[in-house]
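Chemist: Let's see this in three dimensions:
(one chain, ligands or ions: 1)
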Amino acid sequence: MTRLILGAMVRTVGAYPSGWRYPGAHRDPAGDAAVLRRTAEIAEAARLDYLFFGDWLATGPDLEHRDPYLVARIDPLSAVTYLAGITSRIGLIATANTTYSDPYTLARTTASIDLLSGGRAGLNLVTGTEPRAAANHGADEQAANDARYDRADEFETVLRRLWDSFEDDAIIADAASGAYLDVSKLHATDFHGEHLSVAGPLNVARPVQGHLPLVHAGTSPRSRLLAARSADLALVAVSDIRQASDLREELRALAFESGRDDRTLRVVAPVLPIVGETREHAQRIADELARLVRVAEDFRDGPPAGFPPQRSVAHLATLLGVDLTGYTPDDVVTPGLRAAFTEFGQQLTEIAGERTGRRVGADDPPTLRHLVVTATVQASMIVGTATEIAAEFAAWAEAEAVDGFNVLSATQPAQFEAFALGVVPELQRIGVFPTEYEGTTLRDHLGLERPANVHVRESVAVRVAAPR
Ligand SMILES: Cc1cc2nc3c(=O)[nH]c(=O)nc-3n(C[C@H](O)[C@H](O)[C@H](O)COP(=O)(O)O)c2cc1C
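Modeler: Residues are numbered from 1 along each chain as shown. Have a look, this model is predicted:
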């Protein structure tokens, strides 16, 4: 049977726009250290493969409405360094932006974290889409997609060359003879590309894992090529099984074309489960979260600058194909109104009903807000009991749609704990997730081999080629 990969995408103030407003939820990033510690302890006790930290290189008032967790948070490399000392088994994946990072510094930091954590570090490489990041890093404007990916391609090559500066047995440390270093096993990086130029070698020993497992998250065609060629984990944005399995197949085919063993590419999808003791309980949580989301019409003087334009009754009207002039977000969807909806509007109403239990014509009908939220917030939501959510995960795995999930929690700590203490044991019971850590490194957790040193590989190739 399939063995799912399971990681937690950590967002301390919740991964749902209104998660921080939910009663009892953590909401002040100044207290993140305690939440990170508790999350890591619970995740490790549940045997999750890794904790995953995204990144965003700018902030601004608009982010409050888009994704509150982007407003202010601990930087991912600091978070994983902190957690490396608190945990002992779980993998720790930090995101870094190749557009603005310096490869020598990043190779140094990440090799260090891998050594400090006993081989549990991973690195998610992204090229970023936030235009404000440019001005924070001395650039006039955000580079175009192609230029960003050209640099990312070079970045990945340089990282591997830097990590491999020392062969595994380069440090002899022979106290008797006084020989410390076998100089023939220390390699210059010697990379000179269009975007990056790095002499090397790196001043950190080879990471425990050789190379840290690389994740790539992106959406453009170039991002697929990068993931297929060089990522161990591709983090993909998908909304259903069909889309996921198509994308996984495409990525694997691209990986094969690039000359690598396509079976070593793992594809994981983000998912946001809402876990309840009963289905109705989970729906009540989803309903409360939806009711706490602000939409454009909630602001009497108009929405603030940067408010997501789609999160409005006005935009909903275009999706539903009806005139909603004069309606407020909390107006009920009546059977008469629904009858005029487009097919998409009918589907939206159906999904809102499945998630929140609110049915048109019933005692607790949905409001327009429910539909706005369903259309614009978290496509990858699964609402149900631990058993139902585990069964859904298993169905995705059996359909070979994904190799695993990056689990988002709508609220911290409640929904994360409901997942770790409820859904994970259920996944273990049905045999799609192990009950013990089987290895010690993140590579072990992901079922990945430790790679050969690129410099040794190159010199072997030269030695073989030489006699000809
Ligand atoms: C599930 C998922 C998570 C992502 N997380 C981040 C992130 O934390 N930080 C970031 O800069 N980009 C992240 N990205 C990538 C951006 O959304 C964006 O796609 C990328 O930075 C730009 O590359 P693209 O033009 O190829 O999409 C993520 C993408 C996906 C699919």
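Chemist: make it CA atoms for all contacts and neighbour counts henceforth
Modeler: OK.
Chemist: Okay, now the unreliable bits of the stretch 201-350 of the chain?
Modeler: Within the stretch 201-350 of the chain, no range satisfies pLDDT under 70.
Chemist: which stretches of the stretch 151-300 of the chain form strands?
Modeler: Along the stretch 151-300 of the chain, counting by DSSP state E, counting those that start in this stretch, strands occupy 171-174, 179-181, 191-192, 197-198, 214-217, 233-235, 266-276.
Chemist: Could I get the full set of helices for the stretch 51-200 of the chain?
Modeler: Remark: helices assigned in the stretch 51-200 of the chain by DSSP state H, counting those that start in this stretch are 63-66, 76-86, 103-116, 132-136, 145-163.
Chemist: actually the stretch 301-450 of the chain, not the one I wrote
Modeler: 313-320, 335-339, 343-356, 368-376, 386-398, 414-418, 424-429, 442-446.
Chemist: what pLDDT, on average, does the fourth one get?
Modeler: Pointing back at helix 368-376 there. In this model, helix 368-376 has an average pLDDT of 97.
Chemist: which residues sit against that helix?
Modeler: For helix 368-376, contacts defined as CA atoms under 8 Å, 6 or more residues apart in numbering pick out 287, 290-291, 293, 295, 310-313, 316, 328-333, 348-349, 351-352.
Chemist: try 7 Å
Modeler: By CA atoms under 7 Å, 6 or more residues apart in numbering, the residues outside helix 368-376 that reach it are 290, 310-313, 316, 329-333, 348-349, 352.
Chemist: got the angle between that helix and helix 343-356?
Modeler: When axes from the mean of the first three to the mean of the last three CA atoms, to 10 degrees is applied, the directions of helix 368-376 and helix 343-356 differ by 100 degrees.
Chemist: Report the buried residues of helix 368-376.
Modeler: For helix 368-376, a neighbour-count test (16 or more other CA atoms under 10 Å) marks Leu368, Arg369, His370, Leu371, Val372, Val373, Thr374, Ala375 as buried.
Chemist: out of the helices of the stretch 51-200 of the chain, nearest to Gly200?
Modeler: Across the helices of the stretch 51-200 of the chain, Gly200 has its closest neighbour in helix 145-163 (6.6 Å, CA to CA).
Chemist: What's the local residue count around the residue in the stretch 251-400 of the chain that the ligand sits nearest to?
Modeler: Closest contact between the stretch 251-400 of the chain and the ligand, by CA to the nearest ligand atom, is at Pro270 (5.6 Å). Pro270 sits with 22 neighbouring residues when counted by other CA atoms under 10 Å.
Chemist: Find the nearest non-adjacent residue to it, please.
Modeler: Asn406 (4.5 Å; CA to CA, 6 or more residues apart in numbering).
Chemist: do Phe53 as well
Modeler: Ala94 (5.0 Å).
Chemist: quick one: pLDDT of the one you found?
Modeler: Ala94 is assigned a pLDDT of 98 by the prediction.
Chemist: repeat for the one 4 residues further on
Modeler: pLDDT, the model's per-residue confidence, is 98 for Thr98.
Chemist: about what we covered before: out of the contacts of helix 368-376, the closest to Met9 would be?
Modeler: Nearest to Met9 among the contacts of helix 368-376, with distances taken as CA to CA, is Ala290, at 20.9 Å.
Chemist: okay, now that closest one: neighbour count?
Modeler: 24.
Chemist: Please apply the same query to Leu77.
Modeler: 23.
Chemist: Leaving out chain neighbours, which residue sits closest to it?
Modeler: The nearest residue in space to Leu77 (CA to CA, 6+ apart) is Ala94, at 5.7 Å.
Chemist: How about the residues of this structure by the ligand?
Modeler: 54-56, 126-129, 145, 217-220, 222-223, 235-237, 270 (CA under 6 Å from any ligand atom).
Chemist: list the contacts for His192?
Modeler: His192 touches Val198, counting by CA under 7 Å, 6+ apart.
Chemist: I'd like the distance between it and Tyr104.
Modeler: For His192, the distance to Tyr104 equals 13 Å [CA to CA, to the nearest Å].
Chemist: What are the phi and psi values at the closest residue to Ala379 other than its chain neighbours?
Modeler: Nearest non-adjacent residue to Ala379, counting by CA to CA, 6+ apart: Ser239, 5.7 Å away. Dihedral pair for Ser239: phi -110, psi -10, per degrees, to the nearest 10.
Chemist: got the end-to-end distance for stretch 216-236?
Modeler: End to end - CA to CA - stretch 216-236 spans 9 Å.
Chemist: whoops, I mixed them up, stretch 167-177
Modeler: Stretch 167-177 has an end-to-end distance of 20 Å (criterion: CA to CA).
Chemist: What's the mean pLDDT across it?
Modeler: In the prediction, stretch 167-177 has an average pLDDT of 97.
Chemist: Next, the buried residues of it.
Modeler: Quick answer for stretch 167-177 (16+ other CA under 10 Å): Glu167, Asp168, Ala170, Ile171.
Chemist: same deal with stretch 444-459?
Modeler: Asp444, His445, Leu446, Leu448, Asn453, Val454, His455.
Chemist: What lies in contact with it?
Modeler: Outside stretch 444-459, the residues within contact range by CA under 7 Å, 6+ apart are Ile5, Asp49, Arg161, Asp164, Glu167, His187, Gln209, Gly210, His211, Thr264, Gly439, Arg443.
Chemist: What is the nearest of those to the ligand?
Modeler: Ile5 (15.0 Å).
Chemist: With Ala401 as the reference, measure out to the residue lying closest to Arg266 once chain neighbours are set aside.
Modeler: Closest residue to Arg266 apart from its sequence neighbours, by CA to CA, 6+ apart: Leu233 at 4.7 Å. Applying CA to CA, the value for Leu233 to Ala401 is 14 Å.
Chemist: Between the two, point out the one with more neighbours.
Modeler: Per other CA under 10 Å, whichever of Leu233 and Ala401 has more neighbours is Leu233, with 25 against 22.
Chemist: Tell me, how many residues neighbour Tyr180?
Modeler: If you count neighbours by other CA under 10 Å, Tyr180 ends up with 12.
Chemist: do Asp140 as well
Modeler: Using other CA under 10 Å as the criterion, Asp140 is surrounded by 12 other residues.
Chemist: what do you get for Val35?
Modeler: 18.
Chemist: Relative to Gly276, how far out is the one residue in the stretch 301-450 of the chain that gets nearest to the ligand?
Modeler: Among the residues of the stretch 301-450 of the chain, Asn406 lies closest to the ligand, at 8.1 Å counting by CA to the nearest ligand atom. Look at Asn406 and Gly276: by CA to CA, they are 19 Å apart.
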